[in-house]
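> sequence and predicted structure are below.
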Amino acid sequence: MKAEAISAKAREGQRLVIGPWPHGWNAQPVTGQVDFGSNSLINDEAMMLDWFDHHLKGRPLMFGAPVKLFVMGRNEWRDEQEWPLARTEFTPWYLHESGQLKEEMPALEAESSTYSYDPQNPTPTLGGNIMRRELRGAFNQAPLDDRKDVLRFLSSPFTERTELTGPVEAILFAASDAKDTDFMAKLSVVKENGEAYNLVDGVIRARYRDSFSDPTLLEPGRIYEYRIDLWATSYELSPGERLRLDISSSNYPRLNRNPNTGAPFAETSEMRSAKQTVYFGKDYPSRVILPVIPRKQTVNESRMVQEAATDPMQNATVN
């Protein structure tokens, strides 16, 4: 809209508000099982009246920043000038053997993990963007921990506060023994007590991996690259928290099940199980792209950096 609106006033007049809510505005600070505090609530009626008073009555617009977003974890509102944020550092975190998630590229050339997806026993929805009130929002993922149809990749604990704000994408190299199937990725925050709460998730239906207008079926056993849009988030990780990326092939009932047959949808009730293999390593760098926001230095930290730069003993060699 900023690029293609018909007038300069329309292009410069866009406003975006991003809050920790389910569909529509939230009348309470709890979304799913997480309480974001009373500060997360916003007077949406006053904001809309301000907007219409400006455009219909010519009054000054009080809501001035182009973007107003809520940073979860820190649980604070912040004004920004664009979306995504211009200072974002899109950083890949790679899947490793033994279920590790690391910023470093794997040393091994190729590794893989396998699971079976049975559409008659799909991975159930637990949190996320869904209209059903009892399922939407952030939920403790523990009820899904024993499922064998989910691959989990866990980072080490973060040692400093790290903000993730913006779009998230997962890139998978995977094969299936089916002609068509689904691959899904879910990013969660793991608290110091071990509880994991979902942040964002996304899906790609394999037949649409290259084009939504010209779908093509899979060659069973062949390795393909899949790009999965996990949508966007804003969360500040605290020291001791971890990230976890879950890979599966279903999220039901939020998303309909892929029957794995390759048949046209809604024309048959036939279903079959699929063997899914996710590859990672130097040859197949499966990864999640995180929108890292550089951390601003405090006044004391800035002073320490300046003092270190002018200290003649800082780089001295002791023999």
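Received, thanks. Numbering: from 1, shown residues only.

> how much space between Trp77 and Val71?
Applying Cβ to Cβ, to the nearest Å, the value for Trp77 to Val71 is 8 Å. For glycine as for every other residue, the C-beta is placed from the backbone atoms N, C-alpha and C.

> comparing those two, which residue is more hemmed in?
Val71 (19 against 15; other Cβ atoms under 10 Å).

> let me know the helix or strand that that one is in.
strand 67-71 (DSSP states H and E).

> summarise which helices and strands that strand is packed against.
strand 16-18, strand 76-80, strand 162-176, strand 224-237 (3 or more Cβ pairs under 8 Å, 6 or more residues apart in numbering; DSSP states H and E).

> and the shortest one, what does it pack onto?
The reference is to strand 16-18. strand 67-71.

> sorry, back to before: what mean pLDDT does the strand holding Val71 get?
Averaging pLDDT along strand 67-71 yields 95.

> again, but for stretch 55-64
Stretch 55-64 comes out at a mean pLDDT of 86.

> now do that stretch: distance from first to last residue.
13 Å (Cα to Cα, to the nearest Å).

> name the residues that touch it?
13, 15, 47, 50-51, 53-54, 79 (Cβ atoms under 8 Å, 6 or more residues apart in numbering).

> biggest separation within those, which pair?
Farthest pair in the contacts of stretch 55-64 (Cβ to Cβ) is Asp53 and Asp79. Separation: 20.1 Å.

> for the stretch 151-300 of the chain, which spans come out with low pLDDT?
Within the stretch 151-300 of the chain, the stretches with pLDDT under 70 are 297-300.

> residue ranges for the strands of it, please.
With DSSP state E, counting those that start in this stretch applied, the stretch 151-300 of the chain shows strands at 151-154, 162-176, 182-190, 196-205, 224-237, 242-248, 274-280, 287-293, listed in chain order.

> report the buried residues of the fifth one.
To tie it back to what came earlier, the one meant is strand 224-237. Using 16 or more other Cβ atoms under 10 Å as the test for burial, strand 224-237 gives 224, 226, 228, 230, 232-237.
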